[in-house]
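In: structure of the sequence below:
(chains A and B)
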Amino acid sequence: MLLIPCPNCGPRDETEFHYGGQAHVPYPENPNELTDTEWSRYLFYRENPKGIFVERWVHSTGCRQWFNMLRDTVSYDIQAVYPMGVPRPAAPLPPAADTGTASTGAASTTPLSPSTAPEGATK
Amino acid sequence: MAETAASPTSAKNPADKNLAARLSPARQLAEAFQAGSLAGTVELSELPFLTMVGVRADAGSEAATRLAAVTGGLPAGSGAVAGNGDVSVLWLGPSEFLVVAPTEAHESLGGDLIPALRDALGGDAGQVVDLSANRTTFELTGPRARAVLEKGCSLDLHPRVFKAGTAFSTEIANIPAVLWKTGGETFRVFPRASFAEFLGRWLLDAMREYASPEVP
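Out: Numbering: from 1, shown residues only, chains lettered A, B, ... in the order given. Down below sits the predicted model:
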């Protein structure tokens, strides 16, 4: 169970929240001018990184507000929580020797870099 | 004379009729609540038909100031409860509040709370909605009330953290509910009407162990 720090209510159980997918996916300026390929890219294609991921959550049984979260998809470490409409903060670099297992966050510019992937996750 | 006699009855009759016709969401559990309550340990009862009003207004707006004047303040943040006398305002979200007042405050019984709130909001952005039928109210009281709730609520209910006069919208027994601590050992739980029977039975089950003498 994740303990998610809601910006309004403080830490609450994961079961009180709902997931909203990847954050910062802008609606196209002019959807009519997009090709079908571009439109389908906007609709269906999302990142699936191993490591830091920016995602939206809503505190549905609490304050019912949406917010963004920076989460490590390997270690489930929640690195930042910030309001909607705010640009993505730089992934906080884990301090050297980041307590062990999940170190993919260190490759902040290329979160997909598998070079430092943890145990059994290199495929 | 006919007039003076008629006006009180005409004002009274519809009210009597309404009260007789209303059925509370957990009425079928009333006897079970009495049988399951343990005087001096933990007692459960339904407080049906409280007046509840959903209020939305942006904090800091003029409408919020006018609404606050009617209710005796709007709570500022998570957990806070504002209010004045019988009227309490629970914080549900940054711009969403739940006003809880006694049954008589409902406009069908001659109360003026809801019209006053509606007038205070005026044409501004926001809403004032009568939600009295949305939720029912359970009151759980006694030295074991906290232990009962802790079986199904992951908030820290220890009195050093959860103080009397705070309320949170959270999950109890895996259903969404508002939990309001009104006194040192008294909690009010607001489940939605459709969850009332489930939560009532769940609370009764959670209370059962305290009927037996404590195992040393």
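In: near chain A, which residues of chain B?
Out: Contact residues (C-beta under 8 Å from any C-beta of the partner chain) of chain B with chain A: B:77-78, B:92-94, B:96, B:154-155, B:168-171, B:174, B:176. All C-beta spots, glycine's among them, are computed from the backbone N, C-alpha and C.
In: what about the helices in chain A?
Out: Under the criterion DSSP state H, helices of chain A are mapped to A:36-44.
In: re earlier: out of the residues of chain B next to chain A, who's nearest B:Gly36?
Out: Among these, B:Asn174 lies closest to B:Gly36 (C-beta to C-beta), at 20.6 Å.
In: ramachandran coordinates for that closest one?
Out: Backbone torsions for B:Asn174, taken as degrees, to the nearest 10, come to phi 70, psi 10.
In: you'd agree it is up against B:Lys151?
Out: No - checked against C-beta atoms under 8 Å, the pair B:Asn174 and B:Lys151 is beyond contact range at 11.3 Å.
In: which ones are touching the spatially most central residue of chain B?
Out: In chain B, the centroid-proximal residue (C-alpha atoms, centre = their mean) is B:Thr137; its distance is 4.9 Å. When contacts are counted by C-beta atoms under 8 Å, 6 or more residues apart in numbering or on different chains, B:Thr137 touches B:Glu46, B:Leu47, B:Pro48, B:Leu50, B:Arg188, B:Val189, B:Phe190.
In: neighbour count for B:Asn174 and B:Lys151, which is higher?
Out: With neighbours defined as other C-beta atoms under 10 Å in any protein chain shown, B:Asn174 and B:Lys151 compare such that B:Lys151 has more, 14 against 11.
In: for the helix or strand hosting B:Val178, which positions count as buried?
Out: Element membership of B:Val178 [criterion: DSSP states H and E] is strand B:175-183. Buried residues in strand B:175-183, counting neighbours by 16 or more other C-beta atoms under 10 Å in any protein chain shown, are found at B:Pro176, B:Ala177, B:Val178, B:Leu179, B:Trp180, B:Lys181, B:Thr182.
In: got the buried residues for the host helix or strand of B:Ala120?
Out: With secondary structure defined by DSSP H and E, B:Ala120 is part of helix B:113-121. By neighbour count on 16+ other C-beta under 10 Å, the buried set for helix B:113-121 is B:Leu113, B:Ile114, B:Ala116, B:Leu117, B:Arg118, B:Ala120, B:Leu121.
In: next secondary structure after it?
Out: Later in the chain than helix B:113-121, the nearest helix or strand by DSSP H and E is strand B:127-130.
In: how about the contacts made by the residue lying closest to B:Cys153 once chain neighbours are set aside?
Out: Counting by C-beta to C-beta, 6 or more residues apart in numbering or on different chains, B:Cys153 lies nearest to B:Ile172, which is 4.8 Å off, once chain neighbours are set aside. Listed by C-beta under 8 Å, 6+ apart, the contact set of B:Ile172 reads B:Leu149, B:Gly152, B:Cys153, B:Leu179, B:Val189, B:Pro191, B:Leu199.
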